[in-house]
Structures are given as structure tokens and as C-alpha cells.
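Peer 1: Task: produce atomic coordinates for the following.
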Amino acid sequence: MTVQELASALSLTVLAGEDGLDREITGCYAGDLLSWVMARAESGDVWLTVMGNINAIAVASLTDAACIVLTESAALDEDAKKRADMQEIPILTTEQDTYAMAVAVSRLLPEAAL
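Peer 2: A predicted model of the protein is given here:
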């Protein structure tokens, strides 16, 4: 499944990084403590978080996350948006909380990806 397919299936709004929407998703990670995510998220993960700052973009880049989904309508700051566009890291948003979004993502991904 691509980021674009995920966005369509879950009615997510794309905030930035449109050029990366063709990235393949291989898993999912949920967390807000950046150092924790940096040590545990894997390449190709959908990262569910409320962190919409430039440091989150750096962590997504380091972990090679397929995209970031900002849950609970968390804000994306302007510097983060510019960096995400530059690095082609899709940033999406939802009103749902992290748990509900994790459940929804898990239903869409193959068992082997989780």
C-alpha cells in the first residue's frame, strides 16, 4: 500500500510532502518521544504522532518513515512543512486519536507488515 492509498482509504488530509505520496508502507509506529521513535521506528513505517515540528521531520528522515500522520488534528508548523516538502516526506492529518488511527492502519496493512 502506498501513502496515497492510505490517505484515500482513511480520508486523511495531506499537509506537506506531496511528492512522496508514492512511497510504499511496510509497517506502523506510534509514539511522541522523538528519541524513542528514532531508536525503534523502521524504514517504511507510517509514524503516528502529535509532533508537528521540524525535529519530527528530522526523525522521519533518519528512520526513513514512509510518512507522518498527525493525529488529533495536531498542528504542523511552517518550518516543518517547508522541510517536509523539501525532503518529500508526506505529512498527513486526522482528527482521530493515535489509538483509533493505529487500529485503522493495522486493518489495512498485511499481517506480515505488523
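
Peer 1: Give me the below-cutoff pLDDT ranges for the chain.
Peer 2: 111-114 (pLDDT under 70).

Peer 1: And the helices in it?
Peer 2: Here the chain has its helices, by DSSP state H, at 3-10, 34-40, 54-63, 78-87, 98-108.

Peer 1: between those helices, which one is nearest to residue 17?
Peer 2: For the helices of the chain, the distance to residue 17 is smallest for helix 78-87, at 4.4 Å, taking Cβ to Cβ. The way it works is simple: take the backbone N, C-alpha and C, and place the C-beta from them, glycine included.

Peer 1: Only the buried residues of the closest one, if you could.
Peer 2: For helix 78-87, burial by neighbour count (16 or more other Cβ atoms under 10 Å) applies to 80-81, 83-85.

Peer 1: From the chain's centroid, how far away is that helix?
Peer 2: The chain centre lies 14 Å from the centre of helix 78-87; the measure is Cα atoms, centre = their mean, to the nearest Å.

Peer 1: Pull the residues that contact it.
Peer 2: With Cβ atoms under 8 Å, 6 or more residues apart in numbering as the contact definition, helix 78-87 has outside contacts at 15-19, 52-54, 56-58, 60-61, 68, 76, 89-91.

Peer 1: Who is the residue nearest the centre of the chain paired with across the strands?
Peer 2: The chain has residue 68 as the residue nearest its centroid, 1.7 Å off, counting by Cα atoms, centre = their mean. When bridges are called by DSSP bridges, residue 68 pairs up with residue 47, residue 91.
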